[in-house]
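Asks: sharing a model that was predicted from the sequence below.
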Amino acid sequence: MSIHFEYSPDVQQAIENKQPILALESTLISHGLPYPENLNTALEVEEMVRREGTTPATIAILEGKIKIGLSTKELEYLATYQTVNKVSVRDIPFILSQSLNGATTVAATIFIAAQAGISLMATGGIGGVHRGNELDISADLIELARTKIAVICAGAKSILDLPRTLEFLETYSIPIIGYKTNVFPAFYTALTPYPLATRINTMRELGKFLHHYSELPLSSGVVIAQPIPTEYEIPSDIIEPAIDRALKQASMQKISGKAVTPFLLKELTAITNGKTLAANVALIKNNALLGAQLAKELHKTSQPGQRFKMVDDVLRREDNQVL
Ligand code: PSU
Ligand code: MN
């Protein structure tokens, strides 16, 4: 038996024409944002990416098929149906074998994107080590440690234990580039007490960095952390007590496993009267825009024969077979 990817017509065309592609996750559509903000954000993000000349490849599993690039109808489905599973890497074989629907987390999205030869992915925030439970470590970190891809994000949510998350990333040799920042951004807030070792200020330098990264026989991913746009930032004296309340609710209601992140996001939206939701949407768009521009920059500056050519790997793979 072989497992195939199903590419949307425009992603297929971008692959054939060697045009820049940006992978996008779908868990934030099905489990991270409420309707209708989830659908509007997904559609606007795709539109923004296209306007930059990059092809968006939103990844999901529909009726047991791995989809790379989705139609508007498929995005609508992910945004509205309650029966879409949150799919991390370990869930993929089950979802495929049962012909189920699944929205992919950062972990599952980069696992699939890398297999398809896509080298850039944008999201809101990556998962991390949870507060109060050192063993609740998002599979996003584990997958980043073994997947050669660059993930653009606004850092990690401050519902997480950020110092431990940063320690993990360091231990697993995952570079974190602060894009126009000296500190690791905390999703809703731009400034944190957590300094980063590396900062880059321009698209050109980001491109140069990624070309060098791609030339080295490294197997880990890269995190490009971009702070939330200032006008959407939520001051820490508002967000921190809100997070404490949300965490207390989660522990009182004994929320565990993969339900924790969606639960906390929902609670925060209620506690802050939608402020966190507006912030979340703004930073997702901001990251997708950077991702689209960076995809174009890499495409423009790739030398013939260079490994980091966005979609070359997929052409080398016979039949687009995953396994
Ligand atoms: N951050 C958000 N919204 C989300 C997520 C993160 O603002 O929906 C999702 C991402 O898909 C991420 C996942 O990969 O949550 C992490 O979940 P967990 O902590 O269960 O690994
Ligand atoms: Mn978890």
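Replies: Great, that's in hand. Ligands and ions are numbered 1, 2, ... in the order given.
Asks: and whichever residue of the chain sits closest to ligand 1, what pLDDT?
Replies: For the chain, the residue closest to ligand 1 is residue 32, as judged by Cβ to the nearest ligand atom, at 2.3 Å. Yep, even glycine has a C-beta here, placed from its N, CA and C like the rest. At residue 32, the pLDDT value in this model is 95.
Asks: now do the contacts for the closest residue to it other than its chain neighbours.
Replies: Setting aside the residues directly before and after it, residue 32 is nearest to residue 265 in space (Cβ to Cβ, 6 or more residues apart in numbering), at 5.8 Å. With contacts defined as Cβ atoms under 8 Å, 6 or more residues apart in numbering, the neighbours of residue 265 are 32-33, 276, 280.
Asks: how about the residues you listed in TSV, adding neighbour count and secondary structure?
Replies: Formatted as TSV, the entries for the contacts of residue 265 read as follows, by neighbours: other Cβ atoms under 10 Å; DSSP: H, G, I helix; E, B strand; the rest coil:
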residue	neighbour count	secondary structure
32	25	helix
33	25	coil
276	27	helix
280	26	helix
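Asks: what would the residues you listed look like in CSV with distance to residue 297?
Replies: Output for the contacts of residue 265, formatted as CSV (distance: Cβ to Cβ, whole Å):
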residue, distance to residue 297
32, 28
33, 28
276, 31
280, 26
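Asks: what segments of the stretch 51-200 of the chain are helices?
Replies: Counting by DSSP state H, counting those that start in this stretch, one finds helices in the stretch 51-200 of the chain at the ranges 72-80, 92-97, 106-115, 139-144, 162-171.
Asks: pretty sure residue 284 is in a strand, no?
Replies: No: under DSSP: H, G, I helix; E, B strand; the rest coil, residue 284 falls outside any strand and is assigned helix.
Asks: surely it meets residue 125?
Replies: No: here residue 284 lies out of contact with residue 125, judged by Cβ atoms under 8 Å, at a distance of 9.1 Å.
Asks: what residues does the stretch 51-200 of the chain have near ligand 1?
Replies: Among all residues of the stretch 51-200 of the chain, those adjacent to ligand 1 (criterion: Cβ under 6 Å from any ligand atom) are 105-107, 124-125, 127, 138-140, 157.
Asks: repeat the analysis, applying 5 Å as the threshold.
Replies: Taking Cβ under 5 Å from any ligand atom, the part of the stretch 51-200 of the chain that reaches ligand 1 is made up of 105-106, 124-125, 127, 138, 140.
Asks: greatest separation within those: which pair is it?
Replies: Considering Cβ to Cβ, no two members of these lie farther apart than 124 and 138, which are separated by 13.2 Å.
Asks: more neighbours, these two?
Replies: Neighbour comparison, residue 124 and residue 138: the larger count goes to residue 124, with 29 against 24 (by other Cβ atoms under 10 Å).
Asks: OK, contacts around that one?
Replies: Under the criterion of Cβ under 8 Å, 6+ apart, the neighbours of residue 124 are 28, 32, 153-154, 187, 280, 283-284, 287.
Asks: repeat the analysis, applying 6 Å as the threshold.
Replies: Contact partners of residue 124, counting by Cβ atoms under 6 Å, 6 or more residues apart in numbering, are 28, 280, 283-284.
Asks: which parts of the protein are strands?
Replies: Taking DSSP state E as the test, the strands found in the chain are 5-7, 21-24, 55-62, 65-68, 85-87, 102-104, 120-122, 150-153, 176-179, 198-200, 222-225.
Asks: and for residue 185, the neighbour number?
Replies: Other residues near residue 185 come to 27 when the count uses other Cβ under 10 Å.
Asks: distance of it from residue 131?
Replies: Residue 185 sits 17 Å away from residue 131, taking Cβ to Cβ, to the nearest Å as the criterion.
Asks: one more: residue 100?
Replies: With the distance defined as Cβ to Cβ, residue 100 ends up 31 Å from residue 131.
Asks: residue contacts, the spatially closest residue to residue 301 that is not a sequence neighbour?
Replies: The shortest distance from residue 301 to any residue other than its chain neighbours is 5.2 Å, reached at residue 207 (Cβ to Cβ, 6+ apart). With contacts taken as Cβ under 6 Å, 6+ apart, residue 207 has the following neighbours: 297-298, 301.
Asks: looks like residue 149 contacts residue 220 (just checking).
Replies: No: here residue 149 does not reach residue 220: they are 9.5 Å apart, not a contact under Cβ atoms under 6 Å.
Asks: joint contacts of those two?
Replies: Shared contacts of residue 149 and residue 220, counting by Cβ under 6 Å, 6+ apart, come down to nothing at all.
Asks: about what we covered before: now render the helices of the stretch 51-200 of the chain as TSV, adding distance to residue 9 and mean neighbour count.
Replies: Output for these, formatted as TSV (distance: least, Cβ to Cβ, whole Å; neighbours: other Cβ atoms under 10 Å):
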stretch	distance to residue 9	mean neighbour count
helix 72-80	13	17
helix 92-97	22	15
helix 106-115	18	26
helix 139-144	28	23
helix 162-171	37	17
